[in-house]
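Q: One predicted model, sequence on top.
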Amino acid sequence: MNNYYEVEILLVEDSASDAELTIRSLKKNNLANKVVHVADGAEALDFIFARGQYEGRKVEDVPKVVLLDLKLPKVDGLEVLKMMKGDERTKNVPIVVLTSSREEHDLVTSYSLGVNSYIIKPVDFEKFSAAIRDLGLYWLVLNQPPR
């Protein structure tokens, strides 16, 4: 996707197979028209704060939701969460942690930093697909964010 101005979902996921399953599930439910996938925390921060290869976009053109894995290369998901929630321009962007981590520390820290939801990725394909469908429907269709 080359038009970074109308992003609805920023998917931050280092696992190519999990990213593919997520995007496939969103497409199946007509929710993936405006998805940007990045594979590490550094690229996520570059996208969000319009740096590096994304410097042509405006920071104010935020996604409707960020689906964020925690265990990422370069910059981990908790740091991405901390940076986004600590910045006036991005603090209201809904962030859903979508991770395989069942560590209590990750859960507690995520909520302490302001995450909107914490979801452990289902291992079963059908359950994973249903979880992504429900996430997309809620955050893109039902949720009413502040202007």
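A: All right, it came through fine.

Q: only C-alpha atoms for contact and neighbour calcs from this point on.
A: OK.

Q: Could I get the average pLDDT for stretch 127-136?
A: The pLDDT scores in stretch 127-136 average 87.

Q: Endpoint to endpoint, stretch 72-79 covers what distance?
A: 10 Å (CA to CA, to the nearest Å).

Q: List the buried residues of that stretch.
A: Buried residues in stretch 72-79, counted by 16 or more other CA atoms under 10 Å: 72, 75, 76, 77, 78, 79.

Q: low-scoring stretches of this structure, by residue?
A: Low-confidence segments of the chain (pLDDT under 70): 1-5, 147.

Q: Walking through it, point out its helices one by one.
A: Here the chain has its helices, by DSSP state H, at 16-28, 41-48, 77-85, 104-112, 125-136.

Q: Of all these, which one is nearest residue 10?
A: helix 41-48 (8.1 Å; CA to CA).

Q: what's next to the closest one, contact-wise?
A: Residues outside helix 41-48 that contact it (CA atoms under 8 Å, 6 or more residues apart in numbering): 12, 38, 51-55, 59, 62, 72-77, 79-80, 84, 90.

Q: May I see the buried residues of stretch 72-79 arranged in TSV, with distance to residue 138 as well?
A: Shown next, in TSV, are the buried residues of stretch 72-79 (distance: CA to CA, whole Å):
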residue	distance to residue 138
72	25
75	28
76	26
77	22
78	23
79	25
